[in-house]
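> show me the folded form of this:
(one chain, ligands or ions: 1)
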Amino acid sequence: MLIGKKVCVLGAGIGGLATALALALRGADVTVLEQAEALSEVGAGLQISPNGFAVLRGLGLGDAITAAGLRGSRVVLRDYRQGKPVFQLDLMQDAGLSYFFLHRADLIGILADATRAAGVKIRLLHHITGVDIEPDVAYLTTAQGAIHEAEVLIGADGLHSKVRPAMNPAAPPVFTRQVAWRAVVPAADPSTAVTVHMGPGRHIVSYPLRGGTLRNIVAVQERRTWADEGWNHRDDPANLREAFADFAPDVRVMLDDVQETHLWGLFRHPVAQRWHQGCAAILGDAAHPTLPFLAQGANMALEDAWVLADSLAMTDSTTQGFALYQSRRHARVTKVIDAASRNARNYHLAFPPLRFAAHSALRIASTLAPQLAARKFDWLYRFDATAA
Ligand SMILES: Cc1cc2nc3c(=O)[nH]c(=O)nc-3n(C[C@H](O)[C@H](O)[C@H](O)COP(=O)(O)OP(=O)(O)OC[C@H]3O[C@@H](n4cnc5c(N)ncnc54)[C@H](O)[C@@H]3O)c2cc1C
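Numbers count the residues shown, from 1 in each chain. Next up is the predicted model:
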């Protein structure tokens, strides 16, 4: 039962705001603490797949997302040199399933407006440096030394969570020997497809944003040298262009437009063993960071948000609600993370005969049995957390 329950959510990212809204809509009295001075997001795109959209629709945001996003039509996998299509997945074959490309800042804006309208208090400039969890109260220490008490604490504080280590042993991440660049370039392209160009040891994903006036780029390269984990390390666009210099001409033209890019290392993190302890729980990247190869990190955070609020609403006991939440989420999240890790290997086949065989099989599958190829993703995209 959530009516009147005082809940503190740490982190105003996609997971934290969606959780705050889901809890407030069920009657909880929610405060969000966020370290940033303003609610904003990095200038980058996001793919919201039907399973994530189902949650946003459940939160009453279906129309706002449809207006701000661009509905994706296809995923096209292409070979790197000539750009020959290898595989195509039709995203519009089922009118009931909607796949959107959104600017991150637009999604955060929509969530923040709805959250405030639902009565949630958002406190900015609250950088939490310490978390101490007891059975019935959690203490959060700010960088200024103030202490906040929380009756119920939800840690939605992302990859470098302070709440996760307060309930789990340290689990060092493993460098995947892959780095990624992100960039957004101006575009005048009416295409509504996600394109993946796959080369040996590298791939590059791009898709349109904001009515096709921008194109979001994520480019991944296998390499032995270390790069820091984190979204805000600038790199010289010349390095990105050089890494993809032997890719198809349209890729090179797109990369010529990159004025600013950021580089970061891709690390594999184990799923947290414990998602809750006493009066606290974790969700989204704080509980289960994933590699970006299936575009599901934010979608999983949205599903978590709904299931957490739903589970807490089913019982008077916070502990039972949290246990129910973890049991409803753990297997699905682990399956998604494993599938994302496998995708990196499939995109980067380096041995030419193996790449030829794999690409031929994909070409045949998408030509002869496109429905069958699409159904491979039913388990992921047709899952509706709000229907359970
Ligand atoms: C290149 C790339 C592309 C991606 N593309 C997609 C995609 O297309 N689709 C998709 O679903 N996912 C995608 N993801 C993953 C997705 O971005 C993340 O999984 C998602 O943003 C996680 O949301 P979150 O709310 O759990 O954490 P975050 O978004 O990291 O939010 C955490 C919030 O907590 C705040 N915070 C952190 N620590 C503190 C503290 N100590 N005190 C106070 N506040 C704090 C932060 O400021 C932040 O606002 C991508 C990821 C990458 C790297």
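> per-residue confidence for residue 24?
Per-residue confidence (pLDDT) for residue 24: 97.
> and for it, the neighbour number?
24 (other C-beta atoms under 10 Å). Yep, even glycine has a C-beta here, placed from its N, CA and C like the rest.
> residues from the chain in reach of the ligand?
10-16, 33-36, 46-47, 126-128, 156-159, 162, 180, 182, 218, 284-286, 292, 295-299, 301 (C-beta under 6 Å from any ligand atom).
> residue boundaries of the helices in the stretch 101-250 of the chain?
In the stretch 101-250 of the chain, the helices defined using DSSP state H, counting those that start in this stretch lie at 104-117, 164-167, 237-243, 249-256.
> now those in TSV, with mean pLDDT, distance to residue 28 and mean neighbour count?
Output for the helices of the stretch 101-250 of the chain, formatted as TSV (pLDDT from 0 to 100; distance: least, C-beta to C-beta, whole Å; neighbours: other C-beta atoms under 10 Å):
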stretch	mean pLDDT	distance to residue 28	mean neighbour count
helix 104-117	96	12	20
helix 164-167	96	21	20
helix 237-243	97	44	16
helix 249-256	96	45	16
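> ok so, going back, just the ones in strands from the residues of the chain next to the ligand, please.
Of these, the ones assigned to strands by DSSP state E are 10, 33, 46, 47, 128, 180, 182, 218.
> just the buried residues of those residues.
10, 33, 46, 47, 128, 180, 182, 218 (16 or more other C-beta atoms under 10 Å).
> generate a markdown table for these, with pLDDT as supplementary columns.
Converted to a markdown table, those look like this (pLDDT from 0 to 100):
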| residue | pLDDT |
| --- | --- |
| 10 | 98 |
| 33 | 97 |
| 46 | 94 |
| 47 | 94 |
| 128 | 97 |
| 180 | 92 |
| 182 | 94 |
| 218 | 95 |
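> buried among the residues of the chain next to the ligand? Make that a PyMOL selection.
To isolate in PyMOL the members of these that are buried, counting by 16+ other C-beta under 10 Å, one can use:
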select buried, resi 10+11+12+13+14+15+16+33+34+35+46+47+126+128+156+157+158+159+162+180+182+218+284+285+286+292+295+296+297+298+299+301
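> by proximity to the ligand, which residue of the stretch 101-250 of the chain wins?
Proximity of the stretch 101-250 of the chain to the ligand (C-beta to the nearest ligand atom) peaks at residue 158, 2.7 Å away.
> what's near enough to touch that residue?
By C-beta atoms under 8 Å, 6 or more residues apart in numbering, the contact set of residue 158 is 11, 13, 15, 284, 285, 286.
> cutoff 7 Å now
Contact analysis of residue 158 by C-beta atoms under 7 Å, 6 or more residues apart in numbering lists 11, 13, 284, 285, 286.
> thinking residue 237 is in contact with residue 258, fair?
Yes - contact criterion C-beta atoms under 7 Å: residue 237 and residue 258 qualify, at 4.4 Å.
> where are the low-confidence patches of the stretch 51-200 of the chain?
The model of the stretch 51-200 of the chain has no residue with pLDDT under 70.
> what ranges do the strands span in it?
Taking DSSP state E, counting those that start in this stretch as the test, the strands found in the stretch 51-200 of the chain are 70-71, 74-79, 85-90, 100-103, 121-123, 128-133, 138-142, 147-150, 152-155, 174-186, 193-199.
> what's the closest of these to residue 2?
With C-beta to C-beta as the criterion, residue 2 lies closest to strand 152-155 of these, at 9.2 Å.
> relative to strand 193-199, how tilted is the lengthiest helix in the chain?
Longest helix in the chain by number of residues (criterion: DSSP state H): helix 318-347. Put simply, helix 318-347 runs at 60 degrees to strand 193-199, going by axes from the mean of the first three to the mean of the last three C-alpha atoms, to 10 degrees.
> mind listing what's buried in helix 318-347?
Quick answer for helix 318-347 (16+ other C-beta under 10 Å): 318, 321-326, 328-330, 332-333, 336-337, 339-340, 343-344, 347.
> next: stretch 166-178.
166, 167, 168, 178.
> who's the nearest residue to the first one once chain neighbours are set aside bridged to?
Take residue 166 and drop its neighbours on the chain: the residue closest to it by C-beta to C-beta, 6 or more residues apart in numbering is residue 131, 4.4 Å away. Residues found in beta-bridge contact with residue 131 (criterion: DSSP bridges) are residue 140.
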